[in-house]
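>>> Structure of the sequence below:
(one chain, ligands or ions: 2)
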Amino acid sequence: MRLRGRVAIDLGTVSTLIWVEGRGLVLEEPSAIAIDSRNGRVAALGGKADVLADKEPQGINVVHPLCDGVVADMEATVEMLYGFLRRVMPRGMLHSRALMSVPAGATWVERRSLAAVLGARRPRYDVTLVDEPVAAAAGAGFDLSAGRGGFVVDIGGGTSEIAAVAGWRVVRAKSLRMAGNAMDEAIMAAARAELGMILSPRAARQLKTTFGLNGGTETAETVGIDAARRTPRVEQVPASLVVNALKPTVTAIARTVQEILSDVPSGLAEDVVRGKIRLSGGCALLPGLASEIEEAAGVGAVVAEDPLRCVVRGTAMLLKHDGEDGVPGIRR
Ligand SMILES: Nc1ncnc2c1ncn2[C@@H]1O[C@H](COP(=O)(O)OP(=O)(O)OP(=O)(O)O)[C@@H](O)[C@H]1O
Ligand SMILES: [Mg+2]
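Ligands and ions are numbered 1, 2, ... in the order given. Below is the predicted model:
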């Protein structure tokens, strides 16, 4: 018997999610791979690789092979994704089809290299790329059938996708190559400049999720390295440092929301207002972000249900609607 399998993949800068038809979400792991530098072999994948990233153990090179939602290191991406697929796909699978999301702003070359990842090893997958904002909108609960539409803001680790979509198509979209990772880097830079303290990306991420855009007089105890003495140090980091560091990224996102909103065709205005702007991706959970965007846009904004899984859920929905009019097709 020839086994057939159809999968939906969200290959993100920070996390990879895989959905298998008939089984649902089967894998959710950090997009990371650890290579043993002595023999070039894979030492760990996903979460087990990611925990080693900040700690720099000797002889281990931890790679996050995607940058801004696209392939930065082809060989490592192939190794990582096939490692994940081997865990979840039955042996002997033939004629596998994959639907994979791609940032709306990815160039032709970036799209080709994403698709090429799944043709690099056996079993090869027949890949169809789907625009991430369309997947995010479907996963955020917009009914895109019969030409209906909505407005989605998907903020992940590497990219922020701001888009109006309708009938499974992008109507207007812009991808910013700044999102959660840029926020973490801004917090690290501010801690170094204002407190003379070197934070790990993990510590910066923790401060981001604790305070977000909610200022006040609170502080959070954080451990880092003293930049002058190069020894570990404990510091009470004020919320204001975090809020100020996040501002440039949040302002750029809010401005782009205004820009795309001001270009929405009149026929889509009602869908946008009644459906509200829906936020997806991990940074949708940033405290205070939805109200900041609502204020800038003058249109209601809400966090989608289970925002980290919107893109893979929407991609899986496209698998279900395959063959219907207007739905990006996947050959069987
Ligand atoms: N509770 C939270 N509050 C704020 N930010 C969060 C929270 N949970 C996760 N994040 C951030 O969300 C980002 C990851 O989101 P997500 O998994 O959607 O990214 P991705 O899909 O891998 O990236 P991309 O779509 O850009 O390629 C990280 O920057 C992470 O720190
Ligand atoms: Mg994403």
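>>> Next, count neighbours for Ser145.
14 (other Cβ atoms under 10 Å). Yep, even glycine has a C-beta here, placed from its N, CA and C like the rest.
>>> how far away is the closest residue to ligand 1 within the stretch 51-200 of the chain from ligand 2?
At 1.9 Å from ligand 1, Gly180 is the closest residue in the stretch 51-200 of the chain, using Cβ to the nearest ligand atom. Gly180 sits 10 Å away from ligand 2, taking Cβ to the ion, to the nearest Å as the criterion.
>>> Can you spell out the domain ranges of this structure, please?
Listed by automatic domain parsing, the domain ranges of the chain are 3-134+312-320, 148-178+247-309, 180-245.
>>> quick one: is the longest one near ligand 2?
Yes. Domain 3-134+312-320 is in contact with ligand 2 by Cβ under 5 Å from the ion, via Gly12.
>>> re earlier: surely the residue of the stretch 51-200 of the chain closest to ligand 1 touches Gly156?
Yes. With contact defined as Cβ atoms under 8 Å, Gly180 counts as touching Gly156 (6.4 Å).
>>> Can you verify Arg111 is assigned to a helix?
Yes. The assignment for Arg111 by DSSP: H, G, I helix; E, B strand; the rest coil puts it in a helix.
>>> just the strands in the stretch 101-250 of the chain please.
In the stretch 101-250 of the chain, the strands defined using DSSP state E, counting those that start in this stretch lie at 125-131, 149-155, 160-166, 169-176, 197-198, 219-226, 232-238.
>>> can I get those in CSV with mean pLDDT and mean neighbour count?
Below are the strands of the stretch 101-250 of the chain laid out as CSV (pLDDT from 0 to 100; neighbours: other Cβ atoms under 10 Å):
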stretch, mean pLDDT, mean neighbour count
strand 125-131, 93, 20
strand 149-155, 97, 29
strand 160-166, 97, 26
strand 169-176, 96, 19
strand 197-198, 98, 19
strand 219-226, 97, 15
strand 232-238, 97, 15
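>>> Need the ones you listed in JSON lines (columns: distance to Gly83).
Listed next are the strands of the stretch 101-250 of the chain as JSON lines, based on distance: least, Cβ to Cβ, whole Å:
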{"stretch": "strand 125-131", "distance to Gly83": "15"}
{"stretch": "strand 149-155", "distance to Gly83": "26"}
{"stretch": "strand 160-166", "distance to Gly83": "27"}
{"stretch": "strand 169-176", "distance to Gly83": "27"}
{"stretch": "strand 197-198", "distance to Gly83": "32"}
{"stretch": "strand 219-226", "distance to Gly83": "32"}
{"stretch": "strand 232-238", "distance to Gly83": "34"}
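>>> Nearest to Glu305, out of these?
Glu305 lies closest to strand 149-155 among these, at 13.1 Å (Cβ to Cβ).
>>> is any part of the closest one close to ligand 1?
No. Strand 149-155 is not in contact with ligand 1 by Cβ under 6 Å from any ligand atom; minimum separation 6.6 Å.
>>> which residues of the stretch 201-332 of the chain score low on pLDDT?
Scanning the stretch 201-332 of the chain with the threshold set as pLDDT under 70 gives 323-332.
>>> Looking at it, what residue ends up closest to ligand 1?
Proximity of the stretch 201-332 of the chain to ligand 1 (Cβ to the nearest ligand atom) peaks at Gly282, 2.1 Å away.
>>> Distance check, that residue against ligand 2.
8 Å.
>>> OK, contacts around that residue?
Val14, Ser15, Ile155, Gly156, Gly157, Gly180, Pro307, Leu308 (Cβ atoms under 8 Å, 6 or more residues apart in numbering).
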